[in-house]
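Asker: just coords:
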């Protein structure tokens, strides 16, 4: 990044850090945008250049992760099956978590504490996941030559999201532990699923035989 971009990133990180510290000490509901801005010695107007609301700043790391996951999925080779592409995209995200420096890891941990102690933010997190799920369905449908409303792309993404959500436990918030747990779950899913289950049925393939009676 250039100097201007680095400066903007530092300001954004400082606002996130200030917000998380205030949420943990004063409580999410009691914290205002003005207080967050004051901690970083910027104006509320500057705050709103980076975030739309205090919920937006609280969920910024989750939103970043969802955007990165989608970008990694779109960059996977077309030769990969949809579920493999999803798993590999998630593994790219895991590498970033594992390679986080102390500041990034601490920010992630504080964010998890805030979110898991605030029902409104837990609901917001699920909303972000559902929004990204729709985008993943659209990408999987494109890879399958199907429509997003078709059952197969929806099913493939639903299986992947279920595996990913099984990893996250409010008692386990350390990024390295989460990364190992998710990697184990992805490997388990890959071993358990029949080869080709996430591929379209090719013309000429055998049709299922109806049960007698």
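Answerer: Structure received. Computed from a predicted structure; not experimentally measured.
Asker: only C-alpha atoms for contact and neighbour calcs from this point on.
Answerer: Noted.
Asker: which other helices and strands contact the strand or helix carrying residue 83?
Answerer: In this assignment (DSSP states H and E), residue 83 forms part of helix 82-98. In this structure, helix 82-98 makes packing contacts with helix 60-75, helix 119-144, helix 151-167, helix 175-192, judged by 3 or more CA pairs under 8 Å, 6 or more residues apart in numbering; DSSP states H and E.
Asker: please redo it, this time with the cut-off set to 7 Å
Answerer: Here helix 82-98 touches helix 60-75, helix 175-192, going by 3 or more CA pairs under 7 Å, 6 or more residues apart in numbering; DSSP states H and E.
Asker: next SSE after it?
Answerer: Next along the chain after helix 82-98, taking DSSP H and E as the criterion, comes helix 102-116.
Asker: how far does that next one sit from its chain's centre?
Answerer: The chain centroid and the centroid of helix 102-116 are separated by 14 Å under CA atoms, centre = their mean, to the nearest Å.
Asker: same deal with stretch 25-33?
Answerer: Its chain's C-alpha centre and that of stretch 25-33 lie 25 Å apart, by CA atoms, centre = their mean.
Asker: for stretch 92-111, same thing?
Answerer: Centre-to-centre, stretch 92-111 and its host chain are 13 Å apart (CA atoms, centre = their mean).
Asker: can you name every helix or strand that the least confident helix or strand in the chain by mean pLDDT contacts?
Answerer: One helix or strand of the chain scores below all others by mean pLDDT, DSSP states H and E: helix 175-192, with a mean of 82. Packing partners of helix 175-192 (3+ CA pairs under 7 Å, 6+ apart): helix 82-98, helix 151-167.
Asker: distance of the spatially closest residue to residue 50 that is not a sequence neighbour from residue 21?
Answerer: Computed as CA to CA, 6 or more residues apart in numbering, the closest residue to residue 50 that is not its neighbour in sequence is residue 12, at 6.6 Å. Distance of residue 12 to residue 21, given as CA to CA, to the nearest Å: 14 Å.
Asker: residue ranges with poor pLDDT in this structure?
Answerer: Residues of the chain meeting the criterion pLDDT under 70: 1, 168-175, 201-213.
Asker: center of it, which residue is that?
Answerer: residue 66 (3.3 Å; CA atoms, centre = their mean).
Asker: hmm, residue 133 and it touching each other?
Answerer: No: judged on CA atoms under 7 Å, residue 66 makes no contact with residue 133 at a distance of 9.1 Å.
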